[in-house]
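*Asks:* Got a predicted structure here, sequence first:
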Amino acid sequence: MKTYSVAIGSDHAGFAYKEAIKAALLADGHTVRDFGTYSNASCDYPDFIRPTAEAVARGEFERGIVLGGSGNGEAIVANKVKGIRCGLCWNEQIAIWNRSHNDGNVLSIGERTVTEAEAIQIARVWLATEFEGGRHLPRIQKIEQA
């Protein structure tokens, strides 16, 4: 199994799953840097999601994972960073398509939308899925030009 360097960040509503996913990824041999938050105290997700996405965009990490209550706001913030292709994934098939078709480099998960076990599995499947290239490559190039 290939291992990755992963940046991870969440707000208070995604904190518990961030901790669980971080532990699972470390156990799988991935390198993980936690960009916060570091508790379930109420906070503003852009303060933690943007630095996570920026670290991926700068090439400091190969992939990123962001979490919140729904994952929607987190995906929006991550996608504001040039070079990021963040997909909100709520099951394994969506995670596969995010990687194989969209070359997603940041994954967003909503803690209020899936179980903890599902979130961990989504992250694992997403990391294990390769970009297909081919007919999808020109589309990715168009995204980068937008």
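*Replies:* Looks like it came in fine. Model, not experiment: these values are computed from the prediction.
*Asks:* Contacts for the helix or strand of the chain with the lowest mean pLDDT, please.
*Replies:* Within the chain, no helix or strand scores below helix 137-145, which has a mean of 90 by mean pLDDT, DSSP states H and E. Contact with helix 137-145 is made by 83, 85, 102-103, as judged by CB atoms under 8 Å, 6 or more residues apart in numbering. Placement of C-beta: from N, CA and C, glycine included.
*Asks:* Out of the residues you listed, name the two that are farthest from one another.
*Replies:* 83 and 102 (13.4 Å; CB to CB).
*Asks:* The two: who's more crowded?
*Replies:* Per other CB atoms under 10 Å, whichever of residue 83 and residue 102 has more neighbours is residue 102, with 17 against 14.
*Asks:* Residues contacting the host helix or strand of residue 125, please?
*Replies:* If you go by DSSP states H and E, residue 125 is part of helix 116-128. Residues from elsewhere that reach helix 116-128, judged by CB under 8 Å, 6+ apart: 1-2, 4, 6, 16-17, 20-21, 24-25, 28, 30, 63, 65, 67, 89-92, 95-96, 98-99, 104, 107, 109, 111, 114.
*Asks:* same deal with stretch 19-37?
*Replies:* Under CB under 8 Å, 6+ apart, the answer for stretch 19-37 is 1, 3-12, 15, 18, 43, 47-48, 51-52, 55, 61, 65, 67, 109, 116, 119-120, 123-124, 127.
*Asks:* mind running it again at 6 Å?
*Replies:* 3-9, 11-12, 15, 43, 48, 51-52, 116, 120, 123 (CB atoms under 6 Å, 6 or more residues apart in numbering).
*Asks:* What about these, which are in strands?
*Replies:* 5-9 (DSSP state E).
*Asks:* would a markdown table of those residues with neighbour count be doable?
*Replies:* Conversion of these to a markdown table gives the following (neighbours: other CB atoms under 10 Å):
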| residue | neighbour count |
| --- | --- |
| 5 | 16 |
| 6 | 25 |
| 7 | 26 |
| 8 | 27 |
| 9 | 29 |
